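Colleague: Can you look at this prediction? I've put the sequence above it.
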Amino acid sequence: MNLNNLNFILSFGPFYILIWIAQIFCDTKTNAVWNRIQLILILIMSYFYIVIVDVKFCLCLVFISLLTFFFGRLIEKTRSKWILIFEISALIAVLAYFKYFNFFISGITHILRMNRVTLNIMMPVGISFYIFSALSYIIDLYKGKISCEKSIIDFLLYLSFFPKFTAGPIVRSDYFFTQTRNYKGINHKGLEIGIQIFAFGLFKKVVLADHLGVFVGDVFGAPSAYNTATVILAAISYSLQIYFDFSGYSDMAVGISKILGFDLKPNFNLPYIANSMSDFWKRWHISLSSWFQDYLYIPLGGSRKGETRTYLNLIAVQLVSGLWHGAGWTFVVWGMIHGIINCINKAIGKRIDQLAKAINTIITFIIVTLLWVVFRADSFENALQVWRGMFTIHTGINQPYVWSYFAIVCLAVATIAAVIHSKKEDCVDAKGNPVVNGFYPLLDLGRFWSLVLFFTFCGLTIVLGYFGNTAFIYGGF
Amino acid sequence: MSKIIRYFITIFKGGLAFFICLCILSIFIIGYSYPSIHTENNSGSTDWKLADNQLRTNMVEGFSWIKVDSNGFNNEFIENNIDNLIMGSSHMEGYNVNHHENVTYLLNQKDVGYTYNIGISGHTIYCCAKNLEYALEEYRPDRYVIIETDTVNLHTTDMKSVMKGTYLNPGSSIDRGLKRKLKIYLPAVPMLYNQIKIWRGGDSSADLDDGSSMIGYKNTLNKFIERIANICQEHNVKCLIFYHPKTEINRAGEIIKYDEDYAKLFRECCMSNGIDFIDMTEIFNELYNDRHILAHGFTNTAVGTGHLNKYGHKAIAEAIADFIKNDRTVREE
């Protein structure tokens, strides 16, 4: 179930009350028992939200969870490479069957000029995310980075934890299990912070992303009907839509987790202020980028095996990343172009550094926007039509979509606020260089006027919200 | 005891904060999207009307700020002698465009006599046909009664119920009691309620299809049009029905054609009953093909969908004015 679905928000209340009742019973003696009960309630809650979508999805998740749990124990006991390979193959096979079977079969039948065969396969919700979580658990276990999780409850919860289930972030097992082992239950502070982060995400989703989706859908549906300015605005709007949609979801996931007493790391950090493509991938879908870095790029050799190999590795990683996003040639090409640009970026990196940072940021945004066109288009022909519409001066419908400008203003305000906040807080990266980080403008809800402000913000979100199409873009991956 | 008191204080604080929030939102909504109050219309010329002299703002679909006249309809001024009377739905209520951009205002600039508009939301052609007699008795137009419709594919059950006198407007929306008070004093509450209703998915309206045959449909439509013609004849006024189709575009960038056969049938029935009929399809197509302008949709909504925009209103006003000035009745055609 989507986190922005009103039925989800309404059903969350009773579950939260149950967890809160369990919290009341916690005292120094029985703390651990009641905290386990709370975790069981969260697990039930997680499976409840999956079952109401489709019980088959639940069965698939249980199968993957049990398979990974027991093979994890086996791997820790035997340290067998073959068991690891078998488990990884099994997980990838499940993902490949549900997500890529029709794609590969249609490719093969096309090459062999046979009649097209497709199976009616329904892809389980969140499969790309929980299989990647399972893979990271197994690999880390084999490498000895973590020890095997003994509690089946914790393990089931790791893969099914509902805030992150549909569209991530992909949480590393050690980070999650540390929290389940030291779980302290829910508290007022968590509720106060979590509810604000959730509201913030909801605003991004229903006010910004969903309104933008209307315009983007219109223009991408018939690009030749619109004039140049409108097609360019639609391409920019899609860049904003996918950002607000996905980061909005991530905020909601972080917020709900916080309410339940868990911490999830932010998945986005102002990606459109990135001044290079590699910087962009450090700021966009951070959990996936770091997953690919740790479990694909580095095992392939990273940048340790010479220049040519580094470039090949970069392209390979982005290619797989493209394929991860969807079973379609547009995604493959999108990933490949990202890989190539990453290579160019790396090759001329020094020269680019001499240019002003602002110009780099604009260039990166333009490239990312142009590539999002391929990502959004339902075919190459469609992508080419949009590109043609952007680069040739022609007449057509003029639609200066107001919500696009509103979204641009919101993004600009958020970015300026982040720059000021980062300077004030003296934010630096790992190398000690100053860096701009996003932040949540949190209020102290104990104060009366803060509460008024928060209620008004929630009210405005509902008043301004678009509730026609509420599916998350990344929920489909 | 002190803990309980503290809980009560917290709840009171929360409640007060929520109430202040509703007040702030209400002020915002007055400027952003104030839908005005629907009241009874005892004359029967419409099923309801807007509260007299009220402000109606809209930034949800288009941008407009209008003031309703002293009868509760969207007219800039009222004259005693009405030449043409417009009946229709929310398209004619025209809350998506400003005063000087709607059909009525534009017609009043075109030397076709004084035109008065009683278009109001939810008043489809069935509703207009049901109320026609009362409207003509109340306003007594000298020349034309102009009826707006955005569809020519009518439902036989609805047409039959109009003819039987049993038709009930499915979108009845008179504001009474608490709903009325909230709309006046705390408009944020009904606005939030409506949005939450849509959010829950309770706003989907199923399209009716009674599966009647085309011959049966034609007979019913003919009787339905005949009824309108008879009422107009009794009141010695000409009737003009204009149809404005949706202007959505397909992947090739062409306007999607809807209900062409039904439009043809509708025209035939109008002609055979002496009713004038304007089909805006070709005019809207020309507007799009020549100037890339769509008659529906706004800069804050989906392209080509929803209500008539200022270009649509202008095209309709010009078509009607041209028709009336030249007195191109169907018989002459």
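Modeller: Cool, the structure landed.
Colleague: mind checking pLDDT for residue 245?
Modeller: The chain I'm using is chain A. Note for residue A:245: predicted pLDDT of 91.
Colleague: that's the other chain; I wanted chain B
Modeller: pLDDT at residue B:245 comes out at 90.
Colleague: got the contact list for it?
Modeller: B:150, B:258-259, B:263, B:280-281, B:284 (CB atoms under 8 Å, 6 or more residues apart in numbering or on different chains). C-beta coordinates here come from the backbone N, C-alpha and C atoms, glycine included.
Colleague: From the residues you listed, keep the buried residues only.
Modeller: B:150, B:259, B:263, B:280-281, B:284 (16 or more other CB atoms under 10 Å in any protein chain shown).
Colleague: quick one, longest helix in the chain?
Modeller: All of this is about chain A. Longest helix of chain A, by residue count under DSSP state H: helix A:228-259.
Colleague: wrong chain, I was asking about chain B
Modeller: helix B:2-32.
Colleague: Report all helices and strands that that helix contacts.
Modeller: helix A:448-464, strand B:55-58, helix B:188-199 (3 or more CB pairs under 8 Å, 6 or more residues apart in numbering or on different chains; DSSP states H and E).
Colleague: wait, does the second one make contact with chain A?
Modeller: Pointing back at strand B:55-58 there. No: for strand B:55-58, no contact with chain A is found by CB under 8 Å from any CB of the partner chain; the gap never falls below 13.1 Å.
Colleague: Please compute how far that strand lies from its chain's middle.
Modeller: Average the C-alpha atoms of strand B:55-58, do the same for its chain, and the two points are 15 Å apart (CA atoms, centre = their mean, to the nearest Å).
Colleague: elements contacting the very next helix or strand once past it?
Modeller: Moving toward the C-terminus from strand B:55-58, the first helix or strand encountered (DSSP states H and E) is strand B:64-67. Helices and strands touching strand B:64-67, as assessed by 3+ CB pairs under 8 Å, 6+ apart, comprise strand B:55-58.
Colleague: what lines up beside the strand it packs on in the sheet?
Modeller: Partners of strand B:55-58 in the sheet, by DSSP bridges, are strand B:64-67 (antiparallel).
Colleague: Just the buried ones among the contacts of residue B:245: which are in strands?
Modeller: With strands taken from DSSP state E, there is no overlap with these.
Colleague: Reformat the residues you listed as TSV; add distance to residue A:265 and pLDDT.
Modeller: Below are those laid out as TSV (distance: CB to CB, whole Å; pLDDT from 0 to 100):
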residue	distance to residue A:265	pLDDT
B:150	51	91
B:259	54	82
B:263	59	89
B:280	56	92
B:281	56	91
B:284	53	92
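Colleague: what would those residues look like in a markdown table with distance to residue A:131?
Modeller: Formatted as a markdown table, the buried ones among the contacts of residue B:245 follow (distance: CB to CB, whole Å):
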| residue | distance to residue A:131 |
| --- | --- |
| B:150 | 49 |
| B:259 | 49 |
| B:263 | 54 |
| B:280 | 55 |
| B:281 | 53 |
| B:284 | 51 |
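Colleague: Quick check: of those, which lies closest to chain A?
Modeller: Using CB to the nearest CB, residue B:284 comes nearest to chain A of those, at 13.2 Å.
Colleague: Can you tell me how far that closest one is from residue A:217?
Modeller: 22 Å (CB to CB, to the nearest Å).
Colleague: can you check residue B:30 too?
Modeller: From residue B:30 across to residue A:217, the span is 32 Å (CB to CB).
Colleague: Would you mind telling me which of these two has more residues around it?
Modeller: Taking other CB atoms under 10 Å in any protein chain shown, residue B:30 and residue A:217 do not tie; residue A:217 has more neighbours (16 against 13).
Colleague: Per-residue confidence, that one, what does it come out as?
Modeller: Predicted confidence (pLDDT) for residue A:217: 91.
Colleague: What distance do you get for it to residue A:401?
Modeller: 11 Å.
Colleague: Check residue A:291 too.
Modeller: Taking CB to CB, one finds residue A:291 at 35 Å from residue A:401.
Colleague: neighbour count winner among these two?
Modeller: Taking neighbours as other CB under 10 Å, residue A:291 and residue A:401 compare with residue A:401 leading, 25 against 22.
Colleague: Surely the more buried one touches residue B:299?
Modeller: Yes: if you go by CB atoms under 8 Å, residue A:401 and residue B:299 touch, sitting 6.1 Å apart.
Colleague: closest point of the stretch 301-450 of chain A to chain B, which residue?
Modeller: For the stretch 301-450 of chain A, CB to the nearest CB, closest residue to chain B: residue A:402, 4.3 Å.
Colleague: So what's the residue count around that residue?
Modeller: Neighbour tally, residue A:402, other CB under 10 Å: 16.
Colleague: and it, what is it in contact with?
Modeller: When contacts are counted by CB under 8 Å, 6+ apart, residue A:402 touches B:299-300.
Colleague: any idea how far it is from residue A:326?
Modeller: 30 Å.
Colleague: Same question for residue A:312.
Modeller: Relative to residue A:326, residue A:312 is positioned 23 Å away (CB to CB).
Colleague: Which pLDDT value goes with whichever residue of the stretch 151-300 of chain B sits closest to chain A?
Modeller: Nearest residue of the stretch 151-300 of chain B to chain A: residue B:253, at 3.2 Å (CB to the nearest CB). With respect to pLDDT, residue B:253 has a value of 84.
Colleague: Likewise for residue A:4?
Modeller: Residue A:4 is given a pLDDT of 77.
Colleague: is it true that it touches residue A:207?
Modeller: No: between residue A:4 and residue A:207 there is no contact under CB under 8 Å: 10.9 Å.
Colleague: Please spell out the segments of the stretch 301-450 of chain A that come in under the pLDDT threshold.
Modeller: Scanning the stretch 301-450 of chain A for pLDDT under 70 picks out the ranges A:349-356.
Colleague: Spell out which parts of it neighbour chain B.
Modeller: A:395-403, A:448.
Colleague: for the stretch 1-150 of chain A, same thing?
Modeller: So the stretch 1-150 of chain A meets chain B at A:6-7 (CB under 8 Å from any CB).
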